[in-house]
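S.K.: got a predicted structure plus its sequence, pasted below:
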Amino acid sequence: MLRPADPLPTIPDTLSDFAAESTPDEYLSNGLSRMALRKLRRGGWPVQDSLDLHGNNSDAARKLLQEFLHEAMQRELRCVLVIHGKGLNSKSGEAVLRKLTRHWLTQHPLVLGYCDAPPGEGGSGAVLVLLKTGS
């Protein structure tokens, strides 16, 4: 007998769009050693998955990011790459998604820290994100 598929869990939208004028290029949550950020910058954790937010409006990008981080938690990923772009094709010339993405990451409970990606992986148009794991 066929059963209807279980509904997908609803991921609460808890991230605010109201960012300060500038967002930091690097972030480290309270209580974490600066060595963790240095290790992230130097590629100490391999990138296990990535998300490209190019071409999305802010609402879609925020939802995609939350879904991506939720899935990363379920898969127990430690390091992910989020590509937000540099704003070069933005109508205003401002890197709107860059600013918002970094702001959202500082609010997310799974995020331990982030830094600019290496030049070959997007540079300042992407962030390496260090995530909490269950272990």
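M.R.: Nice, thanks for sending it over. The structure displayed is predicted, hence computed values, not measured ones.

S.K.: which stretches of this protein form helices?
M.R.: 34-41, 58-74, 96-107 (DSSP state H).

S.K.: got the contact list for the shortest one?
M.R.: This means helix 34-41. Contacts to helix 34-41, defined as C-beta atoms under 8 Å, 6 or more residues apart in numbering, come from residues 26, 28, 45, 79, 112, 113, 114, 115, 128, 130. Every C-beta, even on glycine, is put in place using the N, C-alpha and C of the backbone.

S.K.: out of the helices of the chain, which comes closest to residue 134?
M.R.: helix 58-74 (8.3 Å; C-beta to C-beta).

S.K.: what's the angle from that closest one to helix 96-107?
M.R.: 40 degrees (axes from the mean of the first three to the mean of the last three C-alpha atoms, to 10 degrees).

S.K.: now helix 58-74: buried residues?
M.R.: 61, 62, 65, 66, 68, 69, 72 (16 or more other C-beta atoms under 10 Å).

S.K.: return the list of helices and strands in contact with that helix.
M.R.: Under the contact definition 3 or more C-beta pairs under 8 Å, 6 or more residues apart in numbering; DSSP states H and E, helix 58-74 sits against strand 49-52, strand 79-83, helix 96-107, strand 126-131.

S.K.: mind putting these into a markdown table with mean pLDDT?
M.R.: What follows is the helices and strands packed on helix 58-74, written out as a markdown table (pLDDT from 0 to 100):
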| stretch | mean pLDDT |
| --- | --- |
| strand 49-52 | 97 |
| strand 79-83 | 97 |
| helix 96-107 | 90 |
| strand 126-131 | 96 |
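
S.K.: got any ranges where the protein has weak pLDDT?
M.R.: Counting by pLDDT under 70, the chain shows low-confidence ranges at 1-22, 87-94, 135.

S.K.: residue 27: how many residues sit nearby?
M.R.: If you count neighbours by other C-beta atoms under 10 Å, residue 27 ends up with 20.

S.K.: just the closest of the buried residues of helix 58-74 to residue 85, please.
M.R.: Nearest member of the buried residues of helix 58-74 to residue 85, counting by C-beta to C-beta, is residue 61, at 10.1 Å.
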